[in-house]
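Colleague: Would you be able to build a 3D model of this:
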Amino acid sequence: MPKMKTKSSAKKRFTLTGTGKIKRKHAYKSHILTKKSKKRKRNLGYSVIVDSADLKAVKEMLLK
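Modeller: Now for the predicted structure:
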């Protein structure tokens, strides 16, 4: 039986940290930025850890 492939879209969007957590970027930072406040745009720039509700699905996409 062949190996399971990693989802290419997930490979591009998520990264594993050294401790095994999964990091992601925020959405809504690519266009229509004129109406968004400086504070909002600044906070969208930071990376965050994937929420526990989505963790199982993201791990299945990455680690298969």
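
Colleague: Which residues are in contact with the residue nearest to the spatial centre of the chain?
Modeller: Nearest to the centroid of the C-alpha atoms of the chain, with distances taken as CA atoms, centre = their mean, sits Arg24, at 2.5 Å. By CB atoms under 8 Å, 6 or more residues apart in numbering, Arg24 lies in contact with 13-14, 47-50. In short, each C-beta sits where N, CA and C put it, glycine included.

Colleague: just the strands in this structure please.
Modeller: Applying DSSP state E to the chain gives strands spanning 15-16, 22-24, 48-49.

Colleague: closest to Lys56 out of those?
Modeller: Evaluated with CB to CB, these place strand 22-24 nearest to Lys56, the distance being 10.8 Å.

Colleague: Now do stretch 25-39: distance to the chain's middle.
Modeller: Offset of stretch 25-39 from its chain centre (CA atoms, centre = their mean, to the nearest Å): 16 Å.

Colleague: same question for it, mean pLDDT?
Modeller: In this model, stretch 25-39 has a mean pLDDT of 95.

Colleague: ditto for stretch 43-60
Modeller: Stretch 43-60 comes out at a mean pLDDT of 95.

Colleague: and that stretch, C-alpha only, in CSV?
Modeller: The C-alpha trace of stretch 43-60 is given here as CSV (Å, rounded to 0.1, in the frame of the first residue of the first chain):
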residue,chain,number,x,y,z
ASN,A,43,-2.4,42.1,15.4
LEU,A,44,-3.3,40.2,12.2
GLY,A,45,0.5,40.0,11.4
TYR,A,46,1.3,37.8,14.3
SER,A,47,1.3,34.0,14.2
VAL,A,48,-0.9,32.0,16.6
ILE,A,49,-1.3,28.4,17.7
VAL,A,50,-4.1,26.3,16.1
ASP,A,51,-7.1,26.0,18.4
SER,A,52,-7.8,22.7,20.1
ALA,A,53,-11.1,22.3,18.2
ASP,A,54,-9.3,22.3,14.9
LEU,A,55,-6.1,20.5,16.0
LYS,A,56,-7.2,16.9,15.0
ALA,A,57,-8.2,17.9,11.5
VAL,A,58,-5.1,19.9,10.9
LYS,A,59,-2.8,17.1,12.2
GLU,A,60,-4.6,14.6,9.9
